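Chemist: Any chance you can model this:
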Amino acid sequence: MLTDLYIPGDSALHRARPAWKLALLFVYCTAIFVVTHPGMLGAGLVLVALSYGIAGLSARDALTAILPALFVLVIIFAAQLWLESLGMAIYVTLRLMALLMAAALVTYTTRASEFTEGILALLSHAPAWVPKDKIALAMSLVWRFIPMIRAQFDEVREAQRARGLERNMLALVVPLVVRTLKTADEVAEAITARSLD
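Modeler: Below is the predicted model:
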């Protein structure tokens, strides 16, 4: 079953228009990447932390957004430490964490249906040849697949842990890929059955 990561609430962020949230997320991510001064990163981290508070979300919610990418963050930190310096490794890792938390904040405060409407609103001024509905559908499916893949990963990890294979990456990745592809086929069949190209 495809679900979303929406956390119910009545904050200003929950009530904000999805198109505005997506636009602000784009501006935030662009600013964090373009302006490489540590002060900008610090301000960005403070801003996203305050936004979590405004939305009524906890530090645990922010941690939940980072945990799925923890392995990748560790690899990036180690690579930057080896190639550059400790300061650069910390900076790059914190920047990626800020982006993950900001994206998760939009996810937590926006229903999947609202997200689709937001994409359509952002594409409203696009040329006529742009397939707006198809883009919105694709983005909505991606939005819904993220928590589904996370849940399936947890299920596979628990099953492999019971078999003593929790440290075997191949035993974790292969079943996850197979289950994900199977779900994708089922969704594709459902879309085709509804005459959606």
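
Chemist: The chain: helices as residue ranges?
Modeler: 12-15, 18-34, 38-54, 59-66, 70-83, 86-108, 112-122, 132-162, 169-193 (DSSP state H).

Chemist: next one: the second one to chain centre, how far?
Modeler: Spelled out, it's helix 18-34. Taking the mean of its C-alpha atoms, helix 18-34 sits 14 Å from the chain's own mean (CA atoms, centre = their mean, to the nearest Å).

Chemist: is it true that Gly9 touches Ala55?
Modeler: Yes: contact criterion CB atoms under 8 Å: Gly9 and Ala55 qualify, at 6.2 Å. For glycine as for every other residue, the C-beta is placed from the backbone atoms N, C-alpha and C.

Chemist: These two: which is more packed in?
Modeler: Ala55 (20 against 14; other CB atoms under 10 Å).

Chemist: tell me the contacts of that one?
Modeler: 9, 11, 13-14, 105, 108-109 (CB atoms under 8 Å, 6 or more residues apart in numbering).

Chemist: Now do Met97 against Leu67, distance only.
Modeler: 11 Å (CB to CB, to the nearest Å).

Chemist: between these two, who's got more neighbours?
Modeler: Higher neighbour count among Met97 and Leu67: Met97, with 19 against 12, using other CB under 10 Å.

Chemist: Quick check: that one touching Leu73?
Modeler: Yes: using CB under 8 Å, Met97 is in contact with Leu73, at 6.9 Å.
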